[in-house]
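> let me see the structure of the following:
(one chain, ligands or ions: 1)
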Amino acid sequence: MSVTWALPFDQKINPKLNSNRLVSINTYKEIHSQTVKDYKQFWASIASEIDWFKPWEKTLDDSNPPFYKWFVGGELNASYLTVDRHVKSWRKNKVAIIWEGESVDEKGNPKEVRKLTYYDLYREVNRVAYLLKEKYGLKKGDAIAIYLPMIPELPIFMLAAARIGVIFTVVFSGFSADALANRINDAEAKLLVTADGGWRRGKVVDLKGIVDKALEKTPTIKDVIVVRRIGNKVNMVEGRDKYFDEVIKDIPQNVYVEPERMKSEDPLYILYTSGTTGKPKGIVHDIGGYMTLLHATMKWVFDIRDDDIYWCTADIGWVTGHSYIVFGPLMEGATEIMYEGALDYPQPDRWVSIIERYGITILYTSPTAIRSFMKYGDNWVKAHITSTVRLMHSVGEPINPEAWEWLWKLVGREEVPFGSTWWMTETGGILISHLPGLYLVPMKPGTNGPPILGIEPDVVNEDGKQVNPEERGYLVIKNPWPGMPLTIYKDPERYVKVYWSRFPGMFYVGDYAVKDKDGYFWILGRTDEVIKVAGHRLGTYELESALIEHPAVAEAAVIGVPDPVKGEVPYAFVILRQGYTPNAQLSQEILKTVREKVGPIATIDKIFFVGKLPKTRSGKIMRRVVRAVATRAEVGDITTLEDEASVEEIKKALEEFK
Ligand code: WTA
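Alright, predicted model coming up:
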């Protein structure tokens, strides 16, 4: 299928600011093709820029594809790279993290700001590593789960675990008890770190209450550490739950825990993510490849330097925060902002006031955030000084040209580099993006830009053959890359099946994409049952399983439909069991069940009651058809449809809703 893709104007980047890096796309392509040809050698040269305890012997072990191993024989430690290294340098007293709490005083100033230097961070990471190792007896290879809001203890626990070789899995604090329990059980986590609550839009999120429910079904958890964030009274289970301040207080400030000598291909963390069907997949990342990719992209994509004030607005609970709040910027010795709350709380200009307060130079945010700011109008932005910003990127979903232009004009003064970095939980770091830290090629609003050096993505048709420029196809990655997954935790077969079977020898991404005549990529959205709600990755399967837990629901199909702010929102089509009649109250009850089962992020936008759902003759729900009807697109091939009347049912339900 081909699409006509209206290519917008070529943007010039202010030559005054960036003249030494401007290159034509053809020059970039030449450089790029060299790095792809010798990609092993190329990545080896990048990896040699980070500190290894022991150099690797083999750059890439590709003897057992797709279980590739990077920098085999090499030893390193991610905690050492992010803290110890800086403490041995002039950066010792440089500010690493400026944390801002959500609450503000009557004048609108933040009530709580914590600044941690690299030395502060180093000491805290060592103390927590000591706590986990000596007091809780955790050993290399054990797993812990972390369910914390955006407070400094979150990166501290991640880095402390990495220091002693303990694998961690962070669960986003917007997930429910069930989601948390499933992840803990899959990872077989022995210890859970949580808080007595979190702040969100001025309200307390009862994390501990959710934890208590989750822990009813998690036999592996022996201990819980509770960080006091709110200071309210929460249920503490004798023998299991301890307050963080109480267990850490006797551990000396200057305790030192030797960082484990980890193998390059040892696991660093597991991060669960939604996929095609079935339960979330535990993506396992290595250390050597992952840290190498982050080092490269922090330099190339973000052009990170010592005088920058860097701000990534994501939550650490998602991969963007893992890579580009915790491991990437800290490895590079950056000064960064970590913000606890909602970007538009208590007023729409909260985010711009943060830019102004700290003089942000590099901004990494999401299309949903930009579109929601746009909605409030320009004046909120104009009231603040944003001229410190010199580089911006967006991530998580396709960016529409309007949103791109709005931010580029208003904050970017029509001169700063501004890209849309494409990557995913599985890739570990950015793979397709402009690289203003290295070379600048002309920008185009809405594009993801060219692939980064050493990476060879492509767009192919059903048969795995490259499509023509401007034609839509499936995005694939043709070579192994540092930062790629080691596997799906405890399910290597699924790893092979999901990513490496559709097109032999290529990594199947699950996104539609177009490559234009210049070789720029335009990622269009998911090909599968994944929906991106405000950039958050949700599986329709998870939502549907939650729906059918309600006693009234017999069957359910969830689809993503376009939304002007959130990118996509979920619609649910539901068949009720006999004896139930559709009404508003029932809708509310069902929606509540979903929120409880999946978490507050899983808010279904609309619920429609139908008598039939389009299915194949073998009984599989054809979400593609539901989606086409709901979005008024071509329904396409329905020869496998069991009952055409089901399409009419969907149409009717949509009409009646209005
Ligand atoms: C989508 C987030 C267009 C894509 C880092 C991918 C994007 C999924 C972009 C991964 C972008 C991410 N432009 N689409 N710049 N960045 N995506 O695992 O569909 O939460 O497959 O990782 O987000 O989502 P994930």
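> confidence score at Glu644?
Glu644 is assigned a predicted lDDT (pLDDT) of 84.
> ok, now which ones touch the closest residue to it other than its chain neighbours?
Nearest residue to Glu644 in three dimensions, chain neighbours excluded: Ile638, at 6.9 Å (CB to CB, 6 or more residues apart in numbering). Backbone N, C-alpha and C define where each C-beta goes, glycine included. Applying CB atoms under 8 Å, 6 or more residues apart in numbering to Ile638 gives the contacts 614, 622, 625, 644, 647.
> which ones among those residues map onto helices?
625, 647 (DSSP state H).
> how far away is the residue in the stretch 551-658 of the chain positioned nearest to the ligand from Gly525?
Residue of the stretch 551-658 of the chain nearest the ligand, by CB to the nearest ligand atom: Gly567 (9.0 Å). Gly567 is 9 Å from Gly525, where distance means CB to CB, to the nearest Å.
> re earlier: if you rank the contacts of Ile638 by neighbours, which is first?
The residue in the contacts of Ile638 with the most neighbours, by other CB atoms under 10 Å, is Pro614 (28 neighbours).
> now do the same contact list for that one.
621-622, 625-626, 638, 641-643, 646-647, 650.
> what is the neighbour count of Lys409?
A count of nearby residues for Lys409, using other CB under 10 Å, gives 13.
> so what pLDDT did it get?
95.
> check Gln11 too.
Reported pLDDT for Gln11: 39.
> likewise for the one 3 residues further on?
Asn14 is assigned a predicted lDDT (pLDDT) of 45.
> what is the residue nearest to Tyr495 when sequence neighbours are not counted paired to in the beta sheet?
Leaving aside its sequence neighbours, Tyr495 sits nearest to Ile488 (CB to CB, 6+ apart; 4.2 Å). The partner list for Ile488 in beta bridges (DSSP bridges) reads Ile283.
> show me what the longest helix along the chain is packed up against.
Ranked by residue count and defined by DSSP H, the top helix of the chain is helix 584-598. The elements that helix 584-598 packs onto, with contact taken as 3 or more CB pairs under 8 Å, 6 or more residues apart in numbering; DSSP states H and E, are helix 177-187, helix 540-547, strand 567-576, strand 606-609.
> for the helix or strand hosting Trp522, what is the average pLDDT?
Using DSSP states H and E, Trp522 sits within strand 521-526. Averaged across strand 521-526, pLDDT comes to 95.
> that strand to strand 567-576, inter-axis angle?
20 degrees (axes from the mean of the first three to the mean of the last three CA atoms, to 10 degrees).
> figure out how far strand 521-526 is from the centre of its chain.
Offset of strand 521-526 from its chain centre (CA atoms, centre = their mean, to the nearest Å): 16 Å.
> and the contacts of the helix or strand following that strand?
On the C-terminal side of strand 521-526, the nearest following helix or strand under DSSP H and E is strand 530-533. Strand 530-533 has contacts (CB under 8 Å, 6+ apart) with 274-276, 396-397, 510, 525-526, 537-540, 558-560, 566-570, 601-603.
> re the thing from before, and the residue of the stretch 551-658 of the chain closest to the ligand, what is it in contact with?
By CB under 8 Å, 6+ apart, the neighbours of Gly567 are 367-368, 371, 397-398, 532-535.
> the closest residue to it other than its chain neighbours sits in which helix or strand?
Once flanking residues are discounted, Gly567 sits nearest to Glu397: 4.4 Å by CB to CB, 6+ apart. Secondary structure assignment for Glu397, by DSSP H and E: no helix or strand.
> residues contacting Glu397?
366-368, 525, 532, 535, 567-568.
> what about stretch 265-278 and the ligand, touching?
Yes - residues of stretch 265-278 are located near the ligand by CB under 6 Å from any ligand atom, namely Thr273.
> that stretch: how far from the chain's middle?
The answer for stretch 265-278 is 12 Å, by CA atoms, centre = their mean.
> got it, and stretch 336-349?
Worked out by CA atoms, centre = their mean, stretch 336-349 lies 18 Å from the chain centre.
> one more: stretch 112-124?
Mean-position distance between stretch 112-124 and its chain equals 24 Å (CA atoms, centre = their mean).
> ok, now stretch 297-316?
Worked out by CA atoms, centre = their mean, stretch 297-316 lies 15 Å from the chain centre.
> shaky segments in the stretch 351-500 of the chain?
For the stretch 351-500 of the chain, no stretch is flagged by pLDDT under 70.
> am I right that Met158 sits in a strand?
No - Met158 is assigned helix when assessed by DSSP: H, G, I helix; E, B strand; the rest coil, not a strand.
> list the contacts of it.
Per CB under 8 Å, 6+ apart, neighbours of Met158: 146, 168, 170, 269, 316, 322, 326.
> for the ligand, state which of these is nearest.
Of the contacts of Met158, the one sitting nearest to the ligand (CB to the nearest ligand atom) turns out to be His322, at 9.8 Å.
> Three-state assignment for the closest one, please.
Following three-state DSSP, the label given to His322 is helix.
> would you agree it is in contact with Thr169?
No - with contacts counted by CB atoms under 8 Å, His322 stays clear of Thr169, the gap being 10.5 Å.
> shared neighbours, the two?
269, 271.
> which helix or strand contains Val193?
strand 191-195.
> now the element after that strand, going C-ward?
strand 198-200.
> partner strands of that next one, with direction?
For strand 198-200, pairing defined by DSSP bridges yields strand 203-205 (antiparallel).
> could you give the average pLDDT over the partner strand?
96.
> any idea which helix or strand comes after that strand?
Once the chain leaves strand 203-205, the next helix or strand it forms, by DSSP H and E, is helix 207-214.
> show me what contacts the residue of the stretch 101-250 of the chain at minimum distance from the ligand?
Nearest residue of the stretch 101-250 of the chain to the ligand: Phe172, at 10.4 Å (CB to the nearest ligand atom). Phe172 makes contact with 315, 317-318, 599, 601 under the criterion CB under 8 Å, 6+ apart.
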